[in-house]
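[1] 3D model of this:
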Amino acid sequence: MQRKVTKAILPVAGLGTRFLPATKSIPKEILTLVDRPLIQYAIDEARAAGIEQFIFVTSRGKSALEDYFDEAPELEEALRRSGKTALLEALAATDVASGAIAYVRQHRPLGLGHAVRCARHLVGDEPFAVILTDDVIAGDPPCLQQMIEAHAETGGSMVAATEVPRAATSSYGILDIAGEMGDLVRLRGVVEKPKPEVATSTLAVIGRYILTPRVMAHLDRQTPGAGGEIQLTDAIAEEIRAGGQVYGFRFRGRRYDCGSKAGFLQATVAFGLARPDLGEEFRAFLEEVVGFRSAAE
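    Down below sits the predicted model:
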């Protein structure tokens with residue numbers, strides 16, 4: 001029986017420069033899709049997967065993240081006095097029990113692998129998840145839950161994977177596939193940001209991982225790779241070379257790259273249309289806009 005995954009690392013130290021000037025004063029992870037910040041989508045997905053401990057790898061200027069998950073007694077009391085029970089329930093979803101969140105500082109932006117390594121003393125000898133908040137995934141069940149259920153059968157390490165256009169391989173970690181196993185693929189290797197002409201496949205790693213302590217040990221020995229950074233994919237590739245079991249998982253769902261402005265807008269539209277309280281009105285507005293543009297053309 002595989003050891004249960006109960007800890008998740010959330011690297012949130014990035015500067016969010018692609019969303020300036022908004023991110024000059026607020027963390028990118030607090031930007032909202034409809035009425036929930038990106039970080040809340042990540043926490044909700046992790047909770048659904050059975051995660052109990054959340055390890056945030058932060059940097060300077062991220063105190064708003066800590067405040068977001070803290071209690072707000074004055075606000076709660078004001079809502080209670082006003083009888084706004086629905087808003088109270090929505091606010092309750094942001095509560096995280098004392099001790100369930102830990103914060104670790106990444107002092108310099110040295111890459112995703114370095115960020116994950118910053119949390120090694122809190123992970124110990126347990127398997128752990130890594131969640132990148134830029135990747136918002138609409139799935140039922142949620143992506144990480146699908147992965148943890150598969151991991152209970154396979155053990156080893158696992159990365160979420162999706163097909164990308166060959167021209168885009170230089171923006172992703174790309175899998176070298178050794179064999180197909182339904183939703184799973186056995187890996188021969190993984191290469192960070194290969195040029196399209198040398199990429200071994202178009203199956204790319206996206207922001208969900210389940211990793212063993214062995215991968216953390218490989219990170220301890222990693223030297224800078226692509227972009228002069230400590231790459232998590234390099235440590236995963238080293239685990240494969242060392243004979244460890246590593247799988248790619250083709251999740252069921254739609255991934256939105258909310259690290260880009262276009263992806264963020266696409267996610268906003270998709271999640272807005274899916275809301276029972278907003279979808280009908282929002283759809284009518286979009287149809288009006290599209291119709292107006294078509295008429296103008």
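
[2] Please, where are all the strands along the stretch 101-250 of the chain?
    101-105, 128-131, 135-138, 157-163, 173-181, 184-192, 203-211, 246-250 (DSSP state E, counting those that start in this stretch).

[3] which helices and strands sit right next to the third one?
    To tie it back to what came earlier, the one meant is strand 135-138. In terms of contact count using 3 or more Cβ pairs under 8 Å, 6 or more residues apart in numbering; DSSP states H and E, strand 135-138 is assigned the packing partners helix 38-48, strand 203-211, strand 254-257, helix 261-274. Where C-beta positions appear, they are placed from N, C-alpha and C, glycine not excepted.

[4] what about the longest helix along the chain, distance to the chain center?
    Of all the segments of type helix in the chain, defined by DSSP state H, the longest one is helix 279-296. Centre-to-centre, helix 279-296 and its host chain are 31 Å apart (Cα atoms, centre = their mean, to the nearest Å).

[5] Measure how that helix sits relative to helix 261-274, angle-wise.
    When axes from the mean of the first three to the mean of the last three Cα atoms, to 10 degrees is applied, the directions of helix 279-296 and helix 261-274 differ by 130 degrees.

[6] Can you pull the phi/psi pair for the nearest residue to residue 275 once chain neighbours are set aside?
    In space, not counting the residues next to it along the chain, residue 275 is nearest to residue 34; the distance is 6.4 Å by Cβ to Cβ, 6 or more residues apart in numbering. With angles defined as degrees, to the nearest 10, residue 34 shows backbone torsions of phi 60, psi -100.

[7] Does residue 34 touch residue 269 like I think?
    No. The pair formed by residue 34 and residue 269 falls short of the contact definition of Cβ atoms under 8 Å, at 9.9 Å.
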